[in-house]
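Novice: Sequence unavailable; structure follows:
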């Protein structure tokens, strides 16, 4: 406005030539860039030295240019729109920022104050520019610091946010200033009904609205509804001549968690010490001062004031037989000869008896690594000593009880095994009687054959005395015909073969029965389970043959490290149960195989009555049976389950009522 008035010759009371001279000097020597250009064609009329120096053009060169030639970021249309308020008289001054382009093509930021001066014959624009390079650099630096700050920074006027940094958006979980503004308004207005436990100790945002300054903890909320504590510094700010507020926020959630964790840790430590009922001691190695806790003193029967906090309170009360070793332990630990301090000794109680104590401690070092304190605890071991003695007695009694249990268990296994044999006794007797019967019959026939043959031999002996006696020859031929010698020769071989087979059958049954009923536990050994199955099937043959057809589907099953006698007992129990589950006539199928390199399995399936669903969980309980009274002990499956469990295996059961059951025994191929 001053320039406009000067150009209009208003308010100046000195000679025209002098006034013109000083105005020219002011324009020419000003540190700002000053441009005068026409309104009609926008050509420069006059530019000062500051403008020529910054742009790098001469006066004559600039008079051939317009503002559009040095403003690369403004188009002709945009410039017309920009200066329209001046042309129309709506504004006296237009203030804006842009860039100027030098003659060498480089650009620099400027702030433009633009006015228009009108006479009757001419309208001229006056532009005064300030190079804002340094200010822009400072603003860029400020913006970098503003955006890179780890704390949330918000600038507010009396209505809303004017600016916020990236940390603020991240803190509140929003992606724009508008979203943050909406969230901020909601926090001010909301009524927090279920804040975190620590929220009651913090100021709500609504309480600081309207304050000029504030420094303290405040409760805020993220966009996802999560409440969190923050430290707020609120301070006034003057921005572009307007009063604003600057808010710096730091999320202290992690700090709160650490503080809570530390507090809880301290509480746990205090509770643990109180719960452990330990006595604490703290020996300052630099001053030789010692502090004993009240509990430390009460272990010896003293009140806190009755025993001095002095090293002699310890050394004078340690048992004479223990003080030497206790002192050596302390010295060795403090000198680094041993890495751990833990020793038991006896200390004299106020009443005269001695208390067994366990002393443990650690060295606390200063910043230079020099031991400064020796801190530890005393634990009263008297009750523990008595308990250990009692425990040793109880362990001896328990060992004897375990021996008795082991013997009882072995007897129970053997009793159940013999019970199984007892159930099969009639069938086994029948299996033995059959071959014994026909062997006995064959022996009777062989006896008759042998008597006839001996008679024939006697006749031949007489013939040797009188070889020419024809009567003897006739007698021999007649006797041969009588006894049918040709039939005897053929039948004798059959009778002997049948008898050998019968005796062999009896021998196999006796051998398998002896092996099955052996009372000893036996050692683990690599065993062929197929051989065990065949031995068991031989004993149970009579139980099976009248009830079911036996189908063998043996697969690839390597030898397994086991107790063969016990495993055969399991097979016997499962095979007998399968046979007894078939009411009329059915099929028992025995399969075997392996699951990878870990498990071998034997499966016994029947087409019997099956098991009810409500009984499947009970079939392995001791003394549980669904058989009639006198037909089962209820121990077979329970003992089988225990045997397989002791072998590191398991028994799987599948059953459908009315269709049959499958019991699958799995044993590890490699036992640890």
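Specialist: Happy to help now that I have it. Computed from a predicted model, the values in this text were never measured in an experiment.
Novice: Tell me if I'm right that residue 100 and residue 112 touch.
Specialist: No - counting by CB atoms under 8 Å, residue 100 stays clear of residue 112, with 9.3 Å between them. The C-beta positions use only the backbone N, C-alpha and C, and glycine is treated the same way.
Novice: List the residues that are in contact with both of the two.
Specialist: Common contact partners of residue 100 and residue 112 (CB atoms under 8 Å, 6 or more residues apart in numbering): residue 129.
Novice: Point to the residue nearest the middle of the chain.
Specialist: By CA atoms, centre = their mean, the chain has its centre lying nearest to residue 261, at 22.0 Å.
Novice: what kind of secondary structure is that one in?
Specialist: Classification of residue 261 using DSSP: H, G, I helix; E, B strand; the rest coil returns helix.
Novice: got a list of what it touches?
Specialist: For residue 261, the contact set (CB under 8 Å, 6+ apart) is empty.
Novice: Quick check: the gap between it and residue 254.
Specialist: Distance of residue 261 to residue 254, computed by CB to CB, to the nearest Å: 10 Å.
Novice: repeat for residue 53
Specialist: 56 Å.
Novice: can you map out the strands along the stretch 451-600 of the chain?
Specialist: Taking DSSP state E, counting those that start in this stretch, the strands of the stretch 451-600 of the chain run over residues 525-527, 548-553, 560-562, 586-595, 599-606.
Novice: got the buried residues for the first one?
Specialist: Under the neighbour-count criterion of 16 or more other CB atoms under 10 Å, strand 525-527 has residue 527 buried.
Novice: so what does it touch, helix or strand wise?
Specialist: Applying 3 or more CB pairs under 8 Å, 6 or more residues apart in numbering; DSSP states H and E, we find strand 525-527 packed against strand 560-562, helix 564-580.
Novice: tell me, which of those is the model least confident about?
Specialist: The weakest mean pLDDT among these belongs to helix 564-580, with a mean of 86.
Novice: so who does residue 549 touch?
Specialist: 585-588.
Novice: burial of the nearest residue to residue 567 once chain neighbours are set aside, as a residue count?
Specialist: Sequence neighbours aside, residue 532 is the residue nearest to residue 567 in space, at 5.9 Å (criterion: CB to CB, 6 or more residues apart in numbering). Here the count is done by other CB atoms under 10 Å, and residue 532 has 24 residues near it.
Novice: go on, residue 96?
Specialist: Close neighbours of residue 96, defined as other CB under 10 Å, add up to 11.
Novice: Leaving out sequence neighbours, find the closest residue to it.
Specialist: In space, and not counting its chain neighbours, residue 96 is closest to residue 112: 5.5 Å by CB to CB, 6+ apart.
Novice: same question, residue 146
Specialist: Per CB to CB, 6+ apart, closest to residue 146 is residue 165, 5.2 Å.
Novice: Spit out the contact partners of the one you found.
Specialist: Each residue near residue 165 by CB under 8 Å, 6+ apart is listed here: 146-147, 149, 152-154.
Novice: Make TSV out of the residues you listed and add secondary structure, neighbour count and pLDDT.
Specialist: Listed next are these as TSV, based on DSSP: H, G, I helix; E, B strand; the rest coil; neighbours: other CB atoms under 10 Å; pLDDT from 0 to 100:
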residue	secondary structure	neighbour count	pLDDT
146	helix	16	78
147	helix	12	78
149	coil	15	86
152	strand	23	90
153	strand	19	88
154	strand	24	86
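Novice: Break this structure into its domains for me.
Specialist: Split into domains by automatic domain parsing, the chain comes to 2-132, 149-258, 277-380, 416-513, 521-668.
Novice: And the longest one, how far out from the chain middle?
Specialist: The chain centroid and the centroid of domain 521-668 are separated by 39 Å under CA atoms, centre = their mean, to the nearest Å.
Novice: which residues does residue 46 form a beta bridge with?
Specialist: residue 36 (DSSP bridges).
Novice: re earlier: now do the same for the residue nearest to the centre of the chain: its pLDDT.
Specialist: With respect to pLDDT, residue 261 scores 79.
Novice: Regarding stretch 553-572, how distant is the last residue from the first?
Specialist: Distance across stretch 553-572, first residue to last, is 18 Å (CA to CA, to the nearest Å).
Novice: before we move on, back to that, please identify which of the helices and strands packed on strand 525-527 is closest to residue 216.
Specialist: Of all these, strand 560-562 sits nearest to residue 216, with 74.2 Å by CB to CB.
Novice: what sits up against the closest one?
Specialist: Under CB under 8 Å, 6+ apart, the answer for strand 560-562 is 524-527, 529, 600, 647, 667-671.
Novice: Now a PyMOL select for only the buried ones of the residues you listed.
Specialist: To isolate the buried members of these in PyMOL, using 16+ other CB under 10 Å:
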select buried, resi 527+529+600+647+667+668+669
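Novice: ok so, going back, OK, contacts around the residue nearest to residue 96?
Specialist: Counting by CB under 8 Å, 6+ apart, residue 112 touches 94-98, 127-129.
Novice: Is it located within a strand, as I assumed?
Specialist: Yes - Residue 112: assigned to a strand according to three-state DSSP.
Novice: Relative to residue 578, how far out is it?
Specialist: Distance from residue 112 to residue 578, by CB to CB: 106 Å.
Novice: next one: residue 88
Specialist: Per CB to CB, residue 88 is found 111 Å from residue 578.
Novice: So between these two, which is more surrounded?
Specialist: residue 578 (29 against 9).
Novice: which strand residues sit across from the residue nearest to that one when sequence neighbours are not counted in the sheet?
Specialist: The spatial neighbour of residue 578 that comes closest, neighbours along the chain excluded (CB to CB, 6+ apart), is residue 606 at 3.8 Å. According to DSSP bridges, the partner residues bridging residue 606 are residue 588, residue 661.
Novice: Which residue ranges of the stretch 101-250 of the chain form helices?
Specialist: 133-148, 166-172, 177-189 (DSSP state H, counting those that start in this stretch).
Novice: Residues contacting the shortest one, please?
Specialist: Contact partners of helix 166-172, identified using CB under 8 Å, 6+ apart, comprise 147, 149-154, 175-177, 180, 183, 220, 222-223, 230, 249, 251.
Novice: repeat that with 10 Å
Specialist: 146-154, 161, 164-165, 174-177, 179-180, 183-184, 187, 220-224, 228, 230, 247-251 (CB atoms under 10 Å, 6 or more residues apart in numbering).
Novice: Can you point out the buried residues in it?
Specialist: So for helix 166-172, counting by 16+ other CB under 10 Å, buried means 167-169, 171-172.
Novice: same thing with the longest one?
Specialist: When burial is assessed from 16+ other CB under 10 Å, helix 133-148 yields the following buried residues: 136, 146.
Novice: Show me what the closest residue to residue 649 other than its chain neighbours is bridged to.
Specialist: Spatially, and ignoring its direct neighbours in sequence, residue 649 is nearest to residue 667 (4.2 Å; CB to CB, 6+ apart). Under the criterion DSSP bridges, residue 667 forms beta bridges with residue 600.
Novice: From residue 354, how far off is residue 667?
Specialist: For residue 667, the distance to residue 354 - CB to CB - is 57 Å.
Novice: now residue 383: how far from residue 389?
Specialist: Taking CB to CB, one finds residue 383 at 11 Å from residue 389.
Novice: Got the phi and psi for residue 210?
Specialist: Phi and psi for residue 210, reported as degrees, to the nearest 10, are phi 100, psi -10.
Novice: okay, now it: neighbour count?
Specialist: Neighbours of residue 210 (other CB under 10 Å): 8.
Novice: same question, the one 3 residues further on
Specialist: By other CB under 10 Å, the residues close to residue 213 number 10.
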